[in-house]
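Enquirer: pasting the sequence and the predicted model now:
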Protein chains: 2
Amino acid sequence: MSKSRQEIFKTQLQHAREGTITPRMVAVARDEGLDPELIMAELAAGRLIIPSNKNHLGAHPIGIGVATRCKVNANLGTSPSTIDPQMEVRKARLAVELGADTIMDLSTGGDLPGIRGSIMKGSNVVLGTVPIYEAASGVESVVELGVEDLLSVVERQARDGVDYMTIHAALLADHVALTHDRMAGIVSRGGSLMACWTAFHSEENPFYSNFDRLLDICRRHDVSLSLGDGLRPGCLADAGDSAQMAELEVMGHLVERCWDAGVQVMVEGPGHVPLDQVRWQVQRAAELCHGAPFYVLGPIVTDLAPGYDHITSAIGGAVAAWSGASMLCYVTPSEHLGLPRLDDVRKGVVAARIAAHAGDIARGRSGARQADDAISIARRKFDWDTQFRLCLDPHTARSVRTQQGTVDDNEHCCTMCGPNLCAVKLTDDLNESTGRAAG
Amino acid sequence: MSKSRQEIFKTQLQHAREGTITPRMVAVARDEGLDPELIMAELAAGRLIIPSNKNHLGAHPIGIGVATRCKVNANLGTSPSTIDPQMEVRKARLAVELGADTIMDLSTGGDLPGIRGSIMKGSNVVLGTVPIYEAASGVESVVELGVEDLLSVVERQARDGVDYMTIHAALLADHVALTHDRMAGIVSRGGSLMACWTAFHSEENPFYSNFDRLLDICRRHDVSLSLGDGLRPGCLADAGDSAQMAELEVMGHLVERCWDAGVQVMVEGPGHVPLDQVRWQVQRAAELCHGAPFYVLGPIVTDLAPGYDHITSAIGGAVAAWSGASMLCYVTPSEHLGLPRLDDVRKGVVAARIAAHAGDIARGRSGARQADDAISIARRKFDWDTQFRLCLDPHTARSVRTQQGTVDDNEHCCTMCGPNLCAVKLTDDLNESTGRAAG
């Protein structure tokens, strides 16, 4: 690429600030049923991002921000003990089929660039990564890495087309002491790596010290930064503690530096949070981070249910979405227990979509309840086909119904009440007898 | 029973009003870690019930009210097309094993008294029913039943030891017209039966007209009334409509009549409710029903997820519990699709317990977070045995972990990150290197 073309290239944020409505903004506006002018204005204000690495052609553009539908991300990827690239591609396809808006490839085992490429080819959605994983995977210990090693991984992933990257740049060396009295310590993988690095080298977090260089890479490729919360609480007892809040404050400063550099940015959030603290956490993040989109992992509202953390996080995620979170990272039933399998991906994506959708409805987002109304009308008419077509997971819904008995799709009942004690049927009969037809 | 003994018998409410602390109140106080005086005072105020039919010996007494831990009920029972009494007993045992506080036997197919007896023998928890189901099961149409038929079923079930009964006494003949413009109509089985009855006979709801006779039966056996919400919304669009609110207002009057008669009473609530309306609904019910315990079915916060309504209801249930609901009725993955199977019971009970527990924590209930803290400490120590012992469903949690790979319980990692990139392990190493031991 010639220098002049490099100089001409602008991020979506820079375009928006100059008053240019790009094709991606138009596409997002159309998907969301919103005015392109609004999308541009929200982008310009930093309240919305459209992650769109210029090298990732064919990715379906999405808007992540408080003005748009709450999005869902699905994490997947290999681990050192479980390397099956084709399975990761299958997980990605299933996640997208079920409505995941983005995929994060968190692979840490095997040929990482190759796996990432397969996932990008196998799905058409926005892709995120955590570059420190790739950097750390190549060495015995993260402390062996220098600044150039870290930035060169970021640069390479940017060239490969990664749309957004989680960078734990706000975890400062001084913050680590704040975690010493914690019940769960540091539970973020990236956070613990940065903490080890700063302690070993007695230096500041290299992503923080070299933040301008990081921003330069992001601006040149329009990589959106996702500021990782390395000190997110790992249990209810640690939620909202001084370590978490200290990092969040630094995130706020980094958001401003991103904006100054024309780089799109969002902020990552917890984690494990009691239900009564979720709204406060979302609002506090919005205040300290100047309204940058907030992307939460969960939050999980009890520590007591390993095997069911897709549910504990759906509760927290729904309230977070309602309170203003812009994207939910799914949590699967295998959280705290192991790497998610294919069926875990299914359960995780659907649970997160339920939460995001419940939040959209609660916010009174225009049109959010349309599909609910359509399915409710179909339910009253015993129109099983329409119910299955419209619901979040047709495969599962249909198989539950068929497994329960011999009822066919034309039957005006299910095995719950049978034909004689079905409330819907009784009401229809009543309405017919009084001369009123059903919906 | 001689007349004098009948006269001496008192309900828990009557005892409480007279300042007597009964053995059941003591047992509840001990379970909850509360003062028996408080239990008595809450009972006397009507804000707490201890369902305890004098004929149901051996049932573990529980308190349902805003002062005590949020409870979970599991519905089960046959339907005309699926009759397997032994399976229903297995479901009851599994539900209790997983922490259900009460069982409702909603059987509508087979030998109903026999099935109910087996379930009561097979579990030691408080049992609820909906007597209109048994009454309607014996005839071609509910309209064939007279007042005496209805009350005799109630009397028989009371003699058999049923601890609480759902009676749809607040659905008045005039309310039915309010449902004509609804999207989902009447979705309560009992509600639709009462609506049919009143329309056919052009008479008032017989349970309303004969409420004093109903109260007499309840008082003589200390059956707690659970005022059924026959007009609960069956889709988001119908939530909080005039039909629902009209019935709720009548419920408020009936609560006062129960209290006047010395009968314990709780109020049933929705249903399908958008997340932003849940707190308002719980608070409105508390106002109109003078603080009587509120027992919710769900609420489900989106209509879009058949096959996953244990999750849609866990979201609504958690916020309801936080807002003051005293008991959650579980909803299983087969809701809207068919009769729950054994595995559905498992998922339904655990999801409801997650919601109830998240609500207890959010309310700041004393000691609610203790188990969460204990499991978090165990998690940090890689003490898998303790994690599995303390969690809500040890069987599922353990099987998820073992299915994911070859890790054993002594290993200080899981397949998610492997041994080299585990945040907890990295943090421990860091703390060791700086001379700090883990939690």
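Expert: Cool, the structure landed.
Enquirer: which stretches of chain A form strands?
Expert: Along chain A, the stretches classed as strands by DSSP state E are A:48-49, A:64-65, A:71-76, A:102-105, A:126-129, A:164-167, A:224-227, A:265-269, A:294-297, A:327-329.
Enquirer: care to break chain A down by domain?
Expert: Annotated domains of chain A cover A:50-58+A:66-363, A:370-433 [automatic domain parsing].
Enquirer: any idea how far apart the tips of the first one sit?
Expert: One end of domain A:50-58+A:66-363 sits 21 Å from the other (CA to CA, to the nearest Å).
Enquirer: ok so, going back, winner for burial among the domains of chain A?
Expert: domain A:50-58+A:66-363 (a mean of 23; mean count of other CB atoms under 10 Å in any protein chain shown). C-beta here means a position set from N, CA and C on the backbone, and glycine is covered the same way.
Enquirer: how far out from the middle of the chain is that domain?
Expert: 8 Å (CA atoms, centre = their mean, to the nearest Å).
Enquirer: name the nearest residue to the closest residue to chain B within the stretch 201-350 of chain A, ignoring sequence neighbours.
Expert: The nearest approach of the stretch 201-350 of chain A to chain B comes at A:G338, 2.9 Å away (CB to the nearest CB). Closest residue to A:G338 apart from its sequence neighbours, by CB to CB, 6 or more residues apart in numbering or on different chains: B:Q404 at 2.9 Å.
Enquirer: OK, contacts around that neighbour?
Expert: Each residue near B:Q404 by CB atoms under 8 Å, 6 or more residues apart in numbering or on different chains is listed here: A:T82, A:S334, A:L337, A:G338, A:L339, A:R341, B:C414, B:T415.
Enquirer: again, only using 10 Å
Expert: Neighbouring residues of B:Q404 by CB atoms under 10 Å, 6 or more residues apart in numbering or on different chains: A:79, A:81-82, A:334, A:337-341, A:344, B:414-416.
Enquirer: distance to A:A285 and pLDDT added to those, as CSV?
Expert: Supplementary listing: the contacts of B:Q404 in CSV, determined by distance: CB to CB, whole Å; pLDDT from 0 to 100:
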residue, distance to A:A285, pLDDT
A:S79, 29, 88
A:S81, 34, 82
A:T82, 33, 87
A:S334, 27, 95
A:L337, 28, 92
A:G338, 30, 89
A:L339, 29, 90
A:P340, 26, 93
A:R341, 32, 94
A:D344, 28, 97
B:C414, 29, 75
B:T415, 31, 74
B:M416, 25, 73
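Enquirer: ok, of the residues you listed, which one's closest to A:A351?
Expert: A:D344 (10.4 Å; CB to CB).
Enquirer: isn't the closest one right up against A:M87?
Expert: No - counting by CB atoms under 10 Å, A:D344 sits too far from A:M87 to count as a contact (11.8 Å).
Enquirer: what is in contact with these two at once?
Expert: Joint contacts of A:D344 and A:M87 (CB under 10 Å, 6+ apart) are A:L76.
Enquirer: quick check: closest non-adjacent residue to A:E256.
Expert: Nearest to A:E256 is A:H290, by CB to CB, 6+ apart, at 6.8 Å.
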